[in-house]
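Visitor: Dropping a prediction and its sequence here:
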Amino acid sequence: MNEGIIYKIIDYKEKSSLVYLYTKYGQDSILVRGAKSYKSGNMRFCEVLNIVRYECSNTNLKHLLNYEIIDDLKNIKNSFNKLKYASIIIDILRQVNDDRTIKIYDFTKFILQQINLNKDELSMCFIYLVKMLKVFGIMPGINNINIGDLNFNNLVKEAYLNKDYNLIINDIDNLKILINYYNKCEVINTFNLFKILGD
C-alpha cells in the first residue's frame, strides 16, 4: 500500500472524485468512486489534509480499492488559524518537483502532525518554508541579505542546521522578512504568502 497526504480533491461525474496526493514517491492521483455517498464508505477518505495509506488499481485511470486513514489532523481542521498555516504548507507541497520525495514527504508529514499536536503553527510554518527554499533550488545568501539584522541571519542558519525542527520563532517580524524574500522568487510566486501571513 502507498502512503500520501491529500492536497486537492475535484468532483468527477455525479458521485465520484479525483483525489490528488503527495506520496513517498511523488505526486499521485486516483479516482474515488462513491466519494459523495455515505453508503460507499469512501466519503471519509476524501478530505484535504488526510494522511492515508491506500491501495489502487493498476489501470490507466487508477481507482481506489481500499484505504486506511493514518491521521485526519482533526485539530488542524477544527482551528481556523492552524488551517491557515497548514494550507500554506499544502500549497507549497503541491508545487514540488524534486527527486527527494521520501524526505520531503516525511518532513511535511512531521510538520503537519506537530501543528496538529498544538505546536505553534507560526513556528512550524516558518521552519517548513525555510527548509523548502532549498527544494525549490533557492539558497538564500545569508551574507547577502541586506536587512541588517544579525538575529535573523542566525535564525535562518539555525533553521537549516537544526535537524529536530524544534526552532521556536518569537518575533513575527522575522517571519515577515523571510516570507517577503520568499515571495520574490518567481518559481513559487503563484500566491502571495506575505499577504496571507501578514494579516
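Guide: Alright, I've got the coordinates.
Visitor: Now do the phi/psi pair for the closest residue in space to residue 40 that isn't next to it in sequence.
Guide: Among residues not flanking residue 40 along the chain, residue 34 sits closest, at 2.6 Å (C-beta to C-beta, 6 or more residues apart in numbering). Heads up, the C-betas are built off the backbone N, CA and C, glycines and all. The phi/psi pair for residue 34 (degrees, to the nearest 10) reads phi 70, psi 30.
Visitor: Walk me through the domains of this structure.
Guide: In terms of domains, the chain is parsed into 2-71, 75-198 (source: automatic domain parsing).
Visitor: Could you tell me what pLDDT the model assigned to residue 33?
Guide: With respect to pLDDT, residue 33 scores 91.
Visitor: Okay, now the sheet partners of the longest strand belonging to the chain, with direction.
Guide: The longest strand of the chain (DSSP state E) is strand 2-12. Applying DSSP bridges, strand 2-12 is found paired with strand 16-23 (antiparallel), strand 51-56 (antiparallel).
Visitor: quick one: which of those strands is nearest residue 3?
Guide: strand 51-56 (4.9 Å; C-beta to C-beta).
Visitor: next helix or strand past the closest one?
Guide: strand 64-71 (DSSP states H and E).
Visitor: which residue sits closest to residue 35, ignoring its sequence neighbours?
Guide: Taking C-beta to C-beta, 6+ apart, and ignoring the residues beside it in sequence, residue 35 has residue 17 as its nearest neighbour in space, at 3.7 Å.
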